[in-house]
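pasting the sequence and the predicted model now:
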Amino acid sequence: LFALGLFLIWFPFMAIDWSTVRIPGVLQRIAVVYFFASLAYLHLGTRGRAWLTGGLLLGYWLVMTQVPVPGFGAGDLSPEGNVAGLVDRLILGAHVWSYAPGPADPEGILSTFPAIATALAGIFTGEWLRTQKSQNEKLLGLFVVGSIAAVAGTVFGWFFPINKNLWTSSYVVLTAGLALLTLAVTLYFVDLRGRDRWATPFLVFGTNSIAAYVMSGLLARILYKIRWMGADGSSISLKSWLYDHFFQSWIPEYFASLAWASVHVVLILGVTWLLYRKKIFIKI
C-alpha cells in the first residue's frame, strides 16, 4: 500500500524534483494505520484497545492545544502555526503536500495517531457485528453508539475544532458516529428488509476499492500531465481542455464541477463493474 501511494504521487516519474517530492499520502496513511491497528488487535484485548483509542484522541488534543510552536504559541491551529505542521517540517522537511510557509501535510506524521483511533473504531464495530446477538440488538447498538458519538464529536468540536486536514480528535469521534449511523441504516435495508439492489454500485466499488482508487488517481494525473501550448502561449492540460469544452462551456460553474466529478466516478465504476462481472478481485 505504501509503495502504491508513492507510485501515484511520483507518476509518471519524469522531471521529479527529488528534493521536494511528497512522501505522505492517502494510501501511505492507510498502510501505516493498518499496520499499527493490526498490532493492537493481535496483542491487546478489548479493554486495552479502548484505553489506546482514548489515549490517542486525548493525547493528540493535548499536544495540539498545549504544545507551543515557535512564533505562534500554543493552541494555534492555523496552517502555519499548528504543531502537526511543525513536526512534519522537522522530520519530513520539504517532502510534504505544501511546504512554504509551513502548512501540515493532510496525511502527515502527527495526525496519523488519531487516524489509528479511527481504524480501532472500525475494529470495535466489526467485533460487535460478529457477536451472537440478534440483528435487532446489533442494529440498536449501532444506532445508540453512533448517535452518542455524533453528538459527542460535535460538542468536542467546540473545544477542538472539527478539521479533516488535521484529523482532529473531534473529527474522529464525529465521523465514527456518522459512519455507525450510516452502517445501521444500510444494515436495516439490506439485511433486515432485503432491499439490496440500490447498494450494488457500492458493492462493486468495495470489492476492488484499492484498484478503483489507484485507477482514479492515475486517470487524474494522466489528464493533468498531457499538455500542449495554446495559441496565447500558455500551457493547456487535457483535463482543463475537456472541462472547459464539455462542462464549463454550457453548465454553471458549480454544477460543472459536480458534473465533471460525477463523470469521473461513473468511468471508474464502469471499469470496476467489468472486473466484478468477470470475478476479478485485486487484493492488496
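Happy to help now that I have it.

so residue 14 versus residue 225, what's the distance?
Going from residue 14 to residue 225 by C-beta to C-beta, to the nearest Å gives 8 Å. C-beta here means a position set from N, CA and C on the backbone, and glycine is covered the same way.

now swap in residue 93 and tell me
25 Å.

do residue 244 as well
17 Å.

before we move on, what about residue 248?
Taking C-beta to C-beta, one finds residue 248 at 21 Å from residue 225.

looking at the two, which one has more neighbours?
For residue 248 versus residue 225, the count of surrounding residues by other C-beta atoms under 10 Å is larger for residue 248: 17 against 14.

name the nearest residue to residue 271, ignoring sequence neighbours.
In space, and not counting its chain neighbours, residue 271 is closest to residue 215: 6.1 Å by C-beta to C-beta, 6 or more residues apart in numbering.

just the helices in the stretch 51-200 of the chain please.
Ranges of helices in the stretch 51-200 of the chain, per DSSP state H, counting those that start in this stretch, are 83-92, 112-129, 135-156, 169-187, 200-207.

could you give the average pLDDT over the longest one?
Okay, so that is helix 135-156. Averaging pLDDT along helix 135-156 yields 97.

let me see the residues that make contact with that helix.
Contact partners of helix 135-156, identified using C-beta atoms under 8 Å, 6 or more residues apart in numbering, comprise 125, 128-129, 131, 133, 162, 169-181, 183-184, 187-188, 191-192.

what angle separates that helix from helix 112-129?
160 degrees (axes from the mean of the first three to the mean of the last three C-alpha atoms, to 10 degrees).

what distance separates helix 135-156 from the centre of its chain?
Offset of helix 135-156 from its chain centre (C-alpha atoms, centre = their mean, to the nearest Å): 21 Å.

just want the angle from that helix to helix 169-187.
Using the same axes, to 10 degrees, helix 135-156 lies at 150 degrees relative to helix 169-187.

buried residues in helix 135-156?
Neighbour counts over helix 135-156 (16 or more other C-beta atoms under 10 Å) mark 138, 139, 141, 142, 143, 145, 146, 149, 150, 153, 156 as buried.

now, which of those residues sits nearest residue 6?
residue 153 (32.1 Å; C-beta to C-beta).

what is the neighbour count of the nearest residue to the closest one once chain neighbours are set aside?
Once flanking residues are discounted, residue 153 sits nearest to residue 174: 2.8 Å by C-beta to C-beta, 6+ apart. The number of residues packed near residue 174 is 21, by other C-beta under 10 Å.

was I right about residue 174 contacting residue 157?
Yes - the criterion here is C-beta atoms under 8 Å, and residue 174 meets it with residue 157 at 6.8 Å.

can you check what angle separates the helix or strand harbouring the residue nearest to residue 271 from helix 200-207?
Element membership of residue 215 [criterion: DSSP states H and E] is helix 209-225. Put simply, helix 209-225 runs at 90 degrees to helix 200-207, going by the same axes, to 10 degrees.

report all helices and strands that helix 209-225 contacts.
Packing partners of helix 209-225 (3 or more C-beta pairs under 8 Å, 6 or more residues apart in numbering; DSSP states H and E): helix 2-10, helix 26-43, strand 235-237, helix 238-243, helix 253-277.

among the ones you listed, which comes closest to residue 200?
Across the helices and strands packed on helix 209-225 (criterion: C-beta to C-beta), the nearest stretch is helix 253-277, sitting at 9.0 Å.

got a list of contacts for that closest one?
Under C-beta under 8 Å, 6+ apart, the answer for helix 253-277 is 201, 203-205, 207-208, 211-212, 215-216, 219-220, 243, 247-248, 251, 281-282.

if we go to 7 Å?
201, 204-205, 207-208, 211-212, 215-216, 243, 247-248, 251 (C-beta atoms under 7 Å, 6 or more residues apart in numbering).

any stretches of the chain with poor pLDDT?
Counting by pLDDT under 70, the chain has low-confidence residues at 98-103.

what's the residue located most distally from the centre of it in contact with, if anything?
Here the chain reaches farthest from its C-alpha mean at residue 231, the gap being 39.3 Å by C-alpha atoms, centre = their mean. Residue 231 makes no contacts at all, as judged by C-beta under 7 Å, 6+ apart.
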